[in-house]
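Trainee: can you look at this prediction? I've put the sequence above it.
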Amino acid sequence: MPANEAAPRQPAQVPPPLVPGLRGLLTLAVGVVLVAALYFGREVFIPLVLAILLSFVLAPVVSLLRRLRLGRVPSVIIAVLLALAVLGGIGAVIGTQVAGLAGNLPQYRTTVQAKIAGLQQGWLGEANRVLQRFNHQVHDATQKADAAGTTAEAGPAGDTPKAQLVRVEQPEPSPLALAEKVLGPIVSPLTDVGIVLVVVVFLLMQREDLRNRMIRLFGSSDLHRTTVAMDDAAGRLGTYFLAQLGMNATFGLIIGVGLWLIGVPNPLLWGVFSAIMRFIPYIGAIASGILPVALAAAVDPGWTMVIATAALFLIAEPIFGQVIEPLLYGHSTGLSPFAVIVSTLFWGFLWGPIGLILATPFTVCLVVLGRHVDSLEFFDVLLGDRPPLTPVENFYQRMLAGDPDEVRDVAEAMLKERSLSSYYDEVALKGLQLAANDYARGVVTPAQLDNIRASARSLVEDFEDHSDAEPARDDRAVNPSETPTLAERTHTRTEAVPGQAPPPEALPQAWRGEAPVLCVAGRGPLDEASSAMLAQLLRKHGLGARVAPYQAVSRESIRDLDLTGVAMLCISYLDISGNPAHLRYLLERLKRRAPGVPVLVGLWPVGEKVLTDAALGREVGADVYVSSLRDGVEACLQIAADRSDQIRAA
């Protein structure tokens, strides 16, 4: 077998899927037990959770009062009394408005009857008559069937058993049962409110002590991460609650004023009701408009008030939800829309109406945990609103699918905050390395490899006119205080290549050609794509460059290689598999063919021994070794500048 021919590669065997182990089954069992505990213990957990959430809302008030030189105890008491006054005022308003509405209901009966009569004279009445005829037919058929069955049961004599009259008498209720029946609906909510307030007072009084105990319990081995996680959770929840409370109050105010202008009775009641219902994601605000629309239909003999009321809700909610909220506090929760919907259904099933309101705060806590705890990262992946894949993984996945348009779309978004050389180094090259490694393992098929080659070539061509410079920073694009996901922490960003090559007249004659740098691809399946990226970056920095495939420098073809006007050679390898022998042989052939021409070797996978072992580097024979395209461009510019200085010195 010739020396330059590699042995045929055996297809790698893909291992079978792993069977879930004991740890996975244990995790599933713990999850089932936890859900069951939340469901059956909801009478205990709901007041506790409401107290915790209310403490987040009152914490800024307590901090403000303490800054006014009030002690901890007076500040907590004043904040809790203020909250109790607000809740009591809302309850009093709702009770008063409901009582007034109930007293006016008989006045609306005539209007409703007139509208129903009018509808019965139209198409609705015709549909009702059709349904009545159908019901009569079904009723007649049922009576005939019952009569036939009764005759068969009576026997030949036709005697039917006589019905016995049974009277059920309820015993007189005891005074204790009567008191429980009357006072139960009143005492139970008051008891829950009392429990909530007591727990809130305790949480606010012992906030720092509880925080320290949580750190000691869960994160004493890593105080920094635990502290950051707790601060992140508290900041997100506090921001969310305050912003949501303000937005919902404003929404209720607008709805109340709008209904008052339209003329709907009890606008204060519906404003408060809409503000409360808007805590339920997506459907709460629209659902809160059903009762006002029905009341408008009962008040107005025509349909103008109904249409105006429905339009008020259908216009106000999209403006608040899609325009004002993103401008005001953006993605303060860090949740995806899918996560909000699923969490709302889940917690609504567990805890009913209270669960609908608490769904988003609970899910925020899970996302924060997934963002800081490695073993819980799946919460952040499933529920978070930021990309779960790293840019490298996304690049490779789209390349593998043969979708260069989406690759370019993602690349253009990234180029708004980084240079082209940084994108090539930190995303494109690493994605091509994943593809090359999978091809070596036999996972990527030849057809998929052709798709990746074509997509990479198309990507380089698309950015031929894009400059390699640092883009203008938009501080609003990324919140620097926002904790990155675990996927984002593995991705760094480098600066653009500084400087340009000297002007052609300042360079030696050998460097003045159209393409003084020849970028030679290694023998890997995707090395030519990395060479094309290096050549493009060199051209953007004032050095002409062209690409030569590996076949052009093979033993049989190197004698025909055109080296006219070549002043420097750059060899690109995505992987040399720890064996630099073939690289040394390639360098020997090139140096015999172009003696005296400096040679740069780019080994893009970080950690190759040639990059750190000086003796091995001298043995291989290259003049410069680099591990990134940025370093490769800088090295070429430096060599060109040195040649220019030598000309000036001579």
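Mentor: Now that the structure is in, tell me what you want to look at. Keep in mind it's a predicted model, so treat the numbers as computed, not measured.
Trainee: now the end-to-end length of stretch 591-602.
Mentor: End-to-end distance of stretch 591-602 (Cα to Cα, to the nearest Å): 17 Å.
Trainee: from the chain's centre, how far out is that stretch? Work that out for me.
Mentor: The chain centroid and the centroid of stretch 591-602 are separated by 49 Å under Cα atoms, centre = their mean, to the nearest Å.
Trainee: stretch 417-433 too?
Mentor: For stretch 417-433, the distance between its averaged C-alpha position and the chain's averaged C-alpha position is 23 Å (Cα atoms, centre = their mean).
Trainee: what is the mean pLDDT for that stretch?
Mentor: Taken as a whole, stretch 417-433 has a mean pLDDT of 86.
Trainee: so how far does that stretch reach from one end to the other?
Mentor: Between the opening and closing residues of stretch 417-433 we find a distance of 23 Å, counting by Cα to Cα.
Trainee: now that stretch: buried residues?
Mentor: Of the residues in stretch 417-433, those scored as buried under the neighbour-count criterion (16 or more other Cβ atoms under 10 Å) are 417-433. Any C-beta I mention is one placed from the backbone N, CA and C, and that applies to glycine too.
Trainee: likewise stretch 527-544?
Mentor: Neighbour counts over stretch 527-544 (16+ other Cβ under 10 Å) mark 527-541, 543-544 as buried.
Trainee: other SSEs contacting the helix or strand harbouring Arg109?
Mentor: Element membership for Arg109 (DSSP states H and E) is helix 72-120. Counting contacts by 3 or more Cβ pairs under 8 Å, 6 or more residues apart in numbering; DSSP states H and E, the secondary-structure elements packed against helix 72-120 are helix 42-67, helix 175-205, helix 267-277, helix 290-299.
Trainee: what angle separates that helix from helix 42-67?
Mentor: For helix 72-120 against helix 42-67, the angle by axes from the mean of the first three to the mean of the last three Cα atoms, to 10 degrees is 120 degrees.
Trainee: quick one: mean pLDDT over helix 72-120.
Mentor: Looking at helix 72-120 alone, the average pLDDT works out to 77.
Trainee: now do stretch 446-458
Mentor: Model confidence over stretch 446-458 averages 87 on the pLDDT scale.
Trainee: now do the buried residues in it.
Mentor: Under the neighbour-count criterion of 16+ other Cβ under 10 Å, stretch 446-458 has 448-449, 451-453, 455-456 buried.
Trainee: and if you look at stretch 266-282?
Mentor: Counting neighbours by 16+ other Cβ under 10 Å, stretch 266-282 gives 266-281 as buried.
Trainee: repeat that for stretch 550-558.
Mentor: Applying a neighbour-count criterion of 16+ other Cβ under 10 Å, the buried positions in stretch 550-558 are 550, 553, 558.
Trainee: does the first one touch Ala521 like I think?
Mentor: Yes: shown here, Tyr550 and Ala521 form a contact pair, counting by Cβ atoms under 8 Å, at 5.0 Å.
Trainee: common neighbours of the two, please.
Mentor: Between them, Tyr550 and Ala521 share these contacting residues under Cβ atoms under 8 Å, 6 or more residues apart in numbering: 527-528.
Trainee: what about the helices in the stretch 351-500 of the chain?
Mentor: If DSSP state H, counting those that start in this stretch is used as the criterion, the helices of the stretch 351-500 of the chain fall at 377-383, 391-400, 404-414, 420-423, 429-440, 446-462, 486-489.
Trainee: now Val57. Nearest residue, chain neighbours left out?
Mentor: Phe241 (5.1 Å; Cβ to Cβ, 6 or more residues apart in numbering).
Trainee: what is the nearest of the buried residues of stretch 446-458 to Gln500?
Mentor: Using Cβ to Cβ, the shortest approach to Gln500 within these belongs to Ala456, at 26.2 Å.
Trainee: show me the contacts for that closest one.
Mentor: 399, 428, 432, 526, 529, 532.
Trainee: and which of the buried residues of stretch 266-282 is nearest to Gly246?
Mentor: Distances from Gly246 to the buried residues of stretch 266-282, taken as Cβ to Cβ, are shortest for Ala275 (10.4 Å).
Trainee: ok, the nearest residue to the closest one once chain neighbours are set aside to Val299 distance?
Mentor: Beyond its immediate neighbours in the sequence, the residue positioned closest to Ala275 (Cβ to Cβ, 6+ apart) is Gly252, lying 2.8 Å away. Noted for Gly252: a distance of 21 Å to Val299, by Cβ to Cβ, to the nearest Å.
Trainee: need the residues that contact stretch 521-528.
Mentor: Contacts of stretch 521-528 (Cβ under 8 Å, 6+ apart): 432, 435-436, 439, 449, 452-453, 456, 530-531, 547-550, 571-576, 582-583, 586.
Trainee: quick one, phi psi at Ser572?
Mentor: Taking degrees, to the nearest 10, you get phi -120, psi 130 for the backbone angles of Ser572.
Trainee: actually Gly602, not the one I typed
Mentor: According to degrees, to the nearest 10, the main-chain angles of Gly602 amount to phi -100, psi 110.
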